[in-house]
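**Student:** I'd like to go over a predicted model; first the sequence, then the structure.
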Amino acid sequence: MEEKKTTTRAAERALDILLCFVEKPELAMREIVEKTELSKSTVFRLLATLEAKGFVKRDPDTEKYSLGFRIWELANHINRSDDPAILFLPEMERLRDDIDETVSLYVRDGLERVRIQAVESQQAIRRVAPIGARLPLSVGASSKVIVAYTEGDLLGRVLSDPMWPSGIDRDLYIKQLQEIRTQEYAISMEEREAGTAAVSVAIHSRAGNLIAALVLSGPISRMNEEQMIQYVPRLVKAAKEMGKLV
């Protein structure tokens, strides 16, 4: 029994190391130690195993680690026929080309939203949207869209989350969710990041299930509230086209 627990713990730690590369493609061992809060010897041992199996690779010049080719081999076996990140990409590109602001796609994972696809604006000053970024469900237009259209006890779990931001009023948050269900879109102005704004709508499947949140974001110099409301019909149209695919 003890051996099984040790094996499970080692597997969890190895996965934690791989997840460090979600936000940054190259990491020094020191950074991995800081992110995982594991001892240097443990990280060294697990990295050696992952490198031997091809899941990470080490640059001999910089001594930094990055994901290995075995990761991409596994990724090629993902069933792409029902992957929203693949299915919705053409429509996201059309939306970006029409408006020329960054378009992102978010899904829920627990009490977080995860950006699974993004098409960045081609303008010099634009919203940079790294794929794989995890953000809380307490702030942001797409977070509120996800919570507003998710059934069950999600709202209660979000409101009782110990990580709830101290500056966000819970009663106002609930009121905003009610407005989102009525008007079918959400707007955020510098809620999570200074100088940025976003407008988001829900993507529902043909069966009426929430699939993802579609969001258009950019600098507040180009995206004031009036302008974002004008974008809503185009976002809704794109969301409906995406929903026809699932």
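**Tutor:** On my side now, so go ahead. Keep in mind the model is a prediction, meaning the values are calculated, not measured.
**Student:** Setting aside sequence neighbours, what's the nearest residue to Lys64?
**Tutor:** In space, Lys64 comes closest to Glu26 once its chain neighbours are excluded; the distance is 4.5 Å by C-beta to C-beta, 6 or more residues apart in numbering. Using the backbone N, CA and C atoms, a C-beta is placed for each residue, glycine as well.
**Student:** Pro60 versus that neighbour, what's the distance?
**Tutor:** Glu26 is 13 Å from Pro60, where distance means C-beta to C-beta, to the nearest Å.
**Student:** Comparing these two, which shows the higher neighbour count?
**Tutor:** Just comparing Glu26 and Pro60: by other C-beta atoms under 10 Å the higher neighbour count belongs to Glu26, 12 against 7.
**Student:** Which residue ranges make up the domains of this structure?
**Tutor:** The record assigns the chain these domain ranges, following automatic domain parsing: 9-77, 80-245.
**Student:** right, so those: which one is the most enclosed?
**Tutor:** When the domains of the chain are scored by mean count of other C-beta atoms under 10 Å, the highest mean neighbour count falls to domain 80-245 (a mean of 17).
**Student:** got the domains of the chain as TSV, with mean pLDDT columns?
**Tutor:** As requested, these are arranged in TSV below (pLDDT from 0 to 100):
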stretch	mean pLDDT
domain 9-77	91
domain 80-245	94
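**Student:** who's in contact with the residue nearest to Lys64?
**Tutor:** Contacts here follow C-beta atoms under 8 Å, 6 or more residues apart in numbering; on that basis Glu26 touches 59, 62, 64-66.
**Student:** can you check Ser66 too?
**Tutor:** With contacts taken as C-beta under 8 Å, 6+ apart, Ser66 has the following neighbours: 21, 25-27, 56-57, 59.
**Student:** before we move on, what about Lys57?
**Tutor:** 51, 65-69.
**Student:** what about the spatially closest residue to Val236 that is not a sequence neighbour, distance to Ser39?
**Tutor:** Among residues not flanking Val236 along the chain, Val201 sits closest, at 5.5 Å (C-beta to C-beta, 6+ apart). Distance from Val201 to Ser39, counting by C-beta to C-beta: 46 Å.
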